[in-house]
Each structure stands twice: as structure tokens, then as C-alpha cells.
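Undergrad: task: produce atomic coordinates for the following.
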Amino acid sequence: LTCYVSNVLRGEVRPSAAVHWCTLYTSPAVLVQSAACPVYRRQWRSLTALRRSALEAEGSGRRSLKPLFSVSSTAHPSRPAQTTMEILRTPLLASAAIRSASTGTLEVKEPLNFWGGGRVKPSSKDAKPSEAVCEPATGRVLCHMVPCGAQEVDQAIQSAQSAFLKWSKLSGMERARIMLEAARIIREQREDIAKVEVINNGKSISEALVDIDIAWQSIEYYAGIAGTLAGQHVQLPGGTFAYTRREPLGVCVGIGAWNYPFQIAAWKSAPALACGNAMVFKPSPMTPVTAVMLAEIYAQAGVPEGLFNVVQGGAETGSLLCQHPGVAKVSFTGSVPTGKKIMEMSSKGVKPVTLELGGKSPLIIFSDCELDNAVKGALNANYLSQGEVCCNGTRVFVQRDILPAFLEQVVKRTKAIKVGDPLLDDTRMGALISRPHLDRVLGFVTQAKKEGARVLCGGEPFIPSDPKLKGGYFMSPCVLDNCSDTMTCVKEEIFGPVMSVLPFDTEEEVLQRANNTTFGLASGVFTRDISRAHRVAANLQAGTCFINNYNISPVELPFGGYKMSGFGRENGTVTIEYYSQLKTVIVEMGDVDCQF
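TA: Reported below is the predicted structural model:
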């Protein structure tokens, strides 16, 4: 370490690289033991300060730095030689650039694939054509994403396999310390990450900040669990005994959705890393940016190079990941049709799969509810993230005798939702993810009107007064009345800010109607009758049931679906089961009993 500090001061080694290498090649146990030395502590503080300054300088363009390495991964002997890749270890976005950005001004020009400890720039002759990624609030091009082909996917998985061999040998406490550092960095960079998330995704800044908080809480939560992972001891007759070992799976693949890009990447990576696995993560091609920021944070926290990699691309890249023989598990968040394909592809390698798919969730409001809370619950169940939430309670069943009062309040509050620039603090609804998706959601409203539904408010394209937002993908939040169970808007997932309200008379009736769907992700009930609340929750066929609230997601609680909404769980202690495997060891203490 002293040698590195000297080299930094002489300008021979870049400060950020020095800290990276020292962190990577000094085990957490040694770091902790050495921390007792005052000289070490002073040197470490000096180097950390130098590194922070260097990262700011590199990101803001004050110094022109060459990449540390230009590497060529060595493939398996049976595979063709790999393409030379340039590894870039400078930050994707400088903090100063993020903080000075406003809606319509940020541009991301750097490569967005990440493995081997840095962003990867493939050679131009082998690169696939780039795809434009648009900023939802303005419609302008934010960046260009280069999809990964077979060679890039193979390199990313090989990088993850190498990191897995190192990471899986650490104790749970050693892994926990590094994960806690990653959580700390996310808290420190909370506003920057949230701002980039808004620009890439379109949701309001007030929601994005909550998403980033949930992300670091997830990593912190599983860091706390990492040191507790243990097997079981079983005493057998005659002094013989057995025990179980909870072991990691290997390289896990995470495939994310565009509605919660950073949060989903954290939700999938945190339990995977806590169990000792490595992860290759593919974000949605519409939101490729913030997953790379998470990869940089993990690297900065001190994980082995290649432990969390990001490969960009669409369906072809996803197929390559699911079918790669080096992948041990796949976790997917997205639509039911895509989930079925991933399940089919993964089955060929007998890979375990976690699927968090779509929903058409019921929210049941009884006449004895606290009406103001029920109205707020219905708004939360339909309009968070512009309605682009898989567990939204879009079928709102309201007991008939309070229906007029409910509609009056919910329409009044829906009309008051401020739609506009998602980076403004008082904006409550931003832009939908893309023009085709906006058209699709508006098409559902048009179809609902044809089938007899009545539009009480919204459901139209919205053009903000700010000129820079004219090309954005905005719509006014919609409330539909006079709906029936057979309407398209009631049966199919819309994934936009459209609330369908349906009357009901009895508990037995509404339970039958609520469960009459192929989905089963979430559900909700508002009532003051505690017996009824628990009775209804027990009879709703869904992975989650909210009582007198909706759409809260504590990381301590498992989340997942019934029926075609998927299987497996994210969050909570049970998720450890999906990222680890049990080995049984039987120890004979006497002579072998043999019948031959």
C-alpha cells in the first residue's frame, strides 16, 4: 500500500486504479486486521482521498486518461478466439455532469457493456449495429446501446466464472463487508443515480429517490444475511451424524425490466452475491444506463473483477444468456410471453428459474372502509410510475352503496395529479417509456369506450406547456366507470395510468370475480372489519395481499406471484433458497454395514 501511495504521488499510477487494485488483491480479513495500524489508516485515508479526486477529474474531463488495459479473453480451447476488447475504467458519468443536467440535456456517449471490472468497448469491426435509446420526457436520443452477441456474452460469463471462484471462497462476513460498502456508496450517490434513472425511465424524481433507497436497503439487508448462512447438523444412530452445507449456484443471470431499472438490478444481485454467486445482468434495452452505474459501484466497493457484469441487448442477447452452459440460474422480470420463452430455453439446461411476470390485480373496497384511505390506496395502486407497475391493482371493485362517493373523490384527486417534467420536485406523473407503449395504452382506453366503459377523466395524450417536452410520451391519468368483467380493459394488463372501477354487492361475489383471472401477482382489500380482512386475504389467489394499503415493498418481505404471474420469490429470507443449493454430508463413525 505504501508503494502504491508513493507511485501515486509521483504520478506513475492513477489514484483510482491504485485503490482498486489494493482493494481487490487484499482480502477483507487482512484489511480489517491492518486497520489497527495507525500508519496503515493514514495511508488508506490518503489514497482514498486521492482516488475520490481522481474520479472527479477523470469524469469531468479535466484529464485525458487512457484505459488501463486492452485485453483479449482466452476462450475455451474448443471455442474460436475471442475478439479484442478495450476495458474502460473511468466512470460512465461524472457527478458534475449529472448534477448540471436537466431534462433534455444529458447525453451518454460511453460504452454501456460492463465486465472484467470495467466498461467494454468492442472492436469496431465486430460490433453489432447500435440501437438508439430515447429520453421519455423529450423523445430525443439519450444514448446508443450496442447489443451483445455470442462472443460478448461468452466473455462476460467467463469473467463472472473467474470472479465466482474468488468470491465464493470468502466467508459470509467478508462478503457482507463489501456489500455494505456498496450500499453506503449508493446512499452517497443517491441523488445522482435517481436523476439518471428519471432521465432514462421517465418517472418522477420523487419516486426515483424512493427506488434508489429500496435498492441500497436490499443490498444492506442481504449483507446482514450473508454471515448467517449455515447448514444443519443431524445426529444419526450409533454416533454417525450428518450435516448440510448451503452452497452457491455459480453464475446467475438476471434479466431486468424497464419500469424499475436500478432497483430490479439490486433486487436480483443482492441475494445472489450474498450467497456467494456471481451475476451477469441484462437490463431492458430501453433503460440500459443505471445498471452500469450499479456495476461501477460494486467494483468501487471491492468485489472481484467480473462479479457483477452488465450485458446490453434485447431478445437475442437474452436467449444467448439463458442457453449458455456456464449459467447456473436465470431470474427474469417482465411479461408472461417472454417469461414462457425464458422458461423453455432454460429448461434445456435444467436451470432453475425465477419468474416475476405480469398482473391484473384486484383491489376490493368494502363499504365499511375508511373512504379517504381507500381513495389514496386506489391512486397508489394505479398511478405510481405512470401506471407501469406489474402489481398494480387496476381492477378496483367498490361496494355499490359507496360507489358514487368513491368515484367523486377519486376523480377529483386524479384530475389534480400534476403531469410534466419528471425532474421537477412537484411533478407527480412523468412520461411513459416509449411512443409505441403510449399508443398502446391509449388504444386500451379507446377500446374500453367502444365496449361501453365511461371515461370520467383523462385517457388522452398530454402535451406539457414546456417546449422541450413537446416530443415526450405523456398522457393524462384515466378513470374508467361502467366497466364489466368481460371488457378488454378489465381482462388484459394495460401497464399504464388507467383505473377500471367495477361495482359489487357481496363478499362471496367479489371474491369469485377477483380470482377469475389467469394472473395472481397482488391483491388488496380495504375494510374496518378485521375478520373480513383476514378472511378475504386468505381467499384471494395472489402472491401478495395488502390490507388497508397498497403498493408498499419492504425488502424484508418476499414478493412474487401465483398462477401465470410467475414463481419463485424476490426479497425476504426465502429468496436465499432460490440462489443457493443444499449439499448433504453423511459421516459414518463406525464400521460399514455391508450385506454383500
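Undergrad: any low-confidence regions in the protein?
TA: Within the chain, the stretches with pLDDT under 70 are 1-84, 123-126.
Undergrad: now the strands for the stretch 151-300 of the chain?
TA: 233-235, 241-248, 251-255, 278-282 (DSSP state E, counting those that start in this stretch).
Undergrad: any idea which of these gets closest to Ile212?
TA: With Cβ to Cβ as the measure, strand 278-282 is the member of the strands of the stretch 151-300 of the chain nearest Ile212 (16.7 Å). For the C-beta atoms, the positions are set from N, CA and C on the backbone; glycine is no exception.
Undergrad: what is the distance between that closest one and the centre of its chain?
TA: 12 Å (Cα atoms, centre = their mean, to the nearest Å).
Undergrad: circling back: ok, which of the strands of the stretch 151-300 of the chain comes nearest Ala453?
TA: strand 251-255 (34.5 Å).
Undergrad: for that closest one, packing partners?
TA: helix 150-167, helix 261-274, strand 278-282, helix 315-323, strand 329-333 (3 or more Cβ pairs under 8 Å, 6 or more residues apart in numbering; DSSP states H and E).
Undergrad: the inter-axis angle of the third one versus strand 241-248?
TA: Pointing back at strand 278-282 there. 40 degrees (axes from the mean of the first three to the mean of the last three Cα atoms, to 10 degrees).
Undergrad: residues in contact with strand 278-282?
TA: The contact list for strand 278-282 (Cβ atoms under 8 Å, 6 or more residues apart in numbering) reads 115, 153, 156-157, 160-161, 163-164, 167, 250-256, 265, 268-269, 272-273, 291, 295, 306-313, 317-318, 321, 327.
Undergrad: go on, stretch 582-592?
TA: 231, 236, 238-247.
Undergrad: of all the helices and strands packed on strand 251-255, which one comes closest to Pro352?
TA: That would be strand 329-333 among the helices and strands packed on strand 251-255, by Cβ to Cβ, at 5.0 Å.
Undergrad: after the closest one, next one along is what?
TA: For strand 329-333, the following helix or strand on the C-terminal side (DSSP states H and E) is helix 336-347.
Undergrad: let's have the strands of the stretch 151-300 of the chain in a markdown table, adding mean neighbour count and distance to Asn382.
TA: Shown next, in a markdown table, are the strands of the stretch 151-300 of the chain (neighbours: other Cβ atoms under 10 Å; distance: least, Cβ to Cβ, whole Å):
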| stretch | mean neighbour count | distance to Asn382 |
| --- | --- | --- |
| strand 233-235 | 10 | 50 |
| strand 241-248 | 16 | 39 |
| strand 251-255 | 28 | 26 |
| strand 278-282 | 28 | 29 |
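Undergrad: with distance to Val510 added, can I get those strands in TSV?
TA: As requested, the strands of the stretch 151-300 of the chain are arranged in TSV below (distance: least, Cβ to Cβ, whole Å):
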stretch	distance to Val510
strand 233-235	48
strand 241-248	43
strand 251-255	35
strand 278-282	40
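Undergrad: out of those, which is closest to Ile576?
TA: strand 241-248 (7.6 Å).
Undergrad: angle of the closest one against helix 261-274?
TA: 150 degrees.
Undergrad: paired strands for strand 241-248, with orientation please.
TA: In the sheet, strand 241-248 lines up against strand 233-235 (antiparallel), strand 580-587 (antiparallel) (DSSP bridges).
Undergrad: surely Tyr222 and Ser269 touch.
TA: No: using Cβ atoms under 8 Å, Tyr222 is not in contact with Ser269; the gap is 9.1 Å.
Undergrad: ok, the residue sitting nearest the centre point of the chain - contacts?
TA: Nearest to the geometric centre of the chain sits Ile264, at 0.8 Å (Cα atoms, centre = their mean). For Ile264, the contacting residues are 254, 256-257, 333, by Cβ under 8 Å, 6+ apart.
Undergrad: go on, Ala137?
TA: Per Cβ under 8 Å, 6+ apart, neighbours of Ala137: 103-104, 199, 202, 421-423, 430-431, 469, 472-474.
Undergrad: so which of the residues you listed is the closest to Tyr578?
TA: Distances from Tyr578 to those, taken by Cβ to Cβ, are shortest for Gly202, at 30.5 Å.
Undergrad: is it true that that closest one touches His437?
TA: No: under the criterion of Cβ under 8 Å, Gly202 is not in contact with His437, lying 10.1 Å apart.
Undergrad: compare those two (neighbour count), which wins?
TA: Counted by other Cβ atoms under 10 Å, Gly202 and His437 do not tie: Gly202 has more neighbours, with 31 against 18.
Undergrad: without its sequence neighbours, what residue ends up closest to the more buried one?
TA: Pro136 (3.1 Å; Cβ to Cβ, 6 or more residues apart in numbering).
Undergrad: tell me the SS of the one you found?
TA: coil (DSSP: H, G, I helix; E, B strand; the rest coil).
Undergrad: roughly how far does it sit from Phe495?
TA: 14 Å (Cβ to Cβ, to the nearest Å).
Undergrad: of those two, give the one with the bigger neighbour count.
TA: Pro136 (29 against 24).
Undergrad: give me the element Ala533 is part of.
TA: helix 530-539.
Undergrad: that helix - contacts with which helices or strands?
TA: So helix 530-539, by 3+ Cβ pairs under 8 Å, 6+ apart, packs with helix 507-514, strand 522-526, strand 544-547.
Undergrad: tell me which of these is the most buried.
TA: Of the helices and strands packed on helix 530-539, the one with the most neighbours on average (mean count of other Cβ atoms under 10 Å) is strand 522-526, at a mean of 29.
Undergrad: quick one: strands adjacent to that strand?
TA: Looking at strand 522-526 with DSSP bridges, its partner strands are strand 362-365 (parallel), strand 544-547 (parallel).
Undergrad: pretty sure Glu570 sits against Glu556.
TA: No: Glu570 lies out of contact with Glu556 (Cβ under 8 Å); the separation is 12.0 Å.
Undergrad: ok, Met499 - contacts?
TA: Taking Cβ under 8 Å, 6+ apart as the test, what Met499 contacts is 378, 381-383, 394, 396, 410, 414, 477-480.
Undergrad: sorry, back to before: columns distance to Val585 on top of the helices and strands packed on strand 251-255, output as CSV?
TA: Listed next are the helices and strands packed on strand 251-255 as CSV, based on distance: least, Cβ to Cβ, whole Å:
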stretch, distance to Val585
helix 150-167, 21
helix 261-274, 22
strand 278-282, 25
helix 315-323, 32
strand 329-333, 23
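Undergrad: distance of Val234 from Leu582?
TA: Applying Cβ to Cβ, the value for Val234 to Leu582 is 12 Å.
Undergrad: now Gly496
TA: 43 Å.
Undergrad: which one of those two has more residues nearby?
TA: Neighbour count, other Cβ under 10 Å: between Gly496 and Leu582, Gly496 has more, with 26 against 11.
Undergrad: chain neighbours aside, what residue packs nearest to the more buried one?
TA: Val441 (3.2 Å).
Undergrad: contacting residues for the one you found?
TA: 387, 432, 475, 494-498.
Undergrad: Tyr550: which of these is nearest?
TA: Using Cβ to Cβ, the contacts of Val441 come closest to Tyr550 at Gly387, 13.1 Å.
Undergrad: residue contacts, the closest one?
TA: Applying Cβ under 8 Å, 6+ apart to Gly387 gives the contacts 394, 441, 477, 494-498.
Undergrad: over to Leu112?
TA: Counted by Cβ under 8 Å, 6+ apart, Leu112 has contacts 92, 119, 143, 145-146, 288-289, 292, 310, 312.
Undergrad: before we move on, back to that, of all the helices and strands packed on helix 530-539, which lies closest to Met564?
TA: Using Cβ to Cβ, these put strand 522-526 closest to Met564, at 13.5 Å.
Undergrad: alpha carbons of the closest one, as CSV, please.
TA: What follows is strand 522-526 as a C-alpha-only set of coordinates in CSV (Å, rounded to 0.1, in the frame of the first residue of the first chain):
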residue,chain,number,x,y,z
ALA,A,522,-51.0,-9.0,-6.0
SER,A,523,-54.3,-8.0,-4.4
GLY,A,524,-55.7,-5.6,-1.8
VAL,A,525,-58.7,-5.1,0.5
PHE,A,526,-59.9,-2.0,2.4
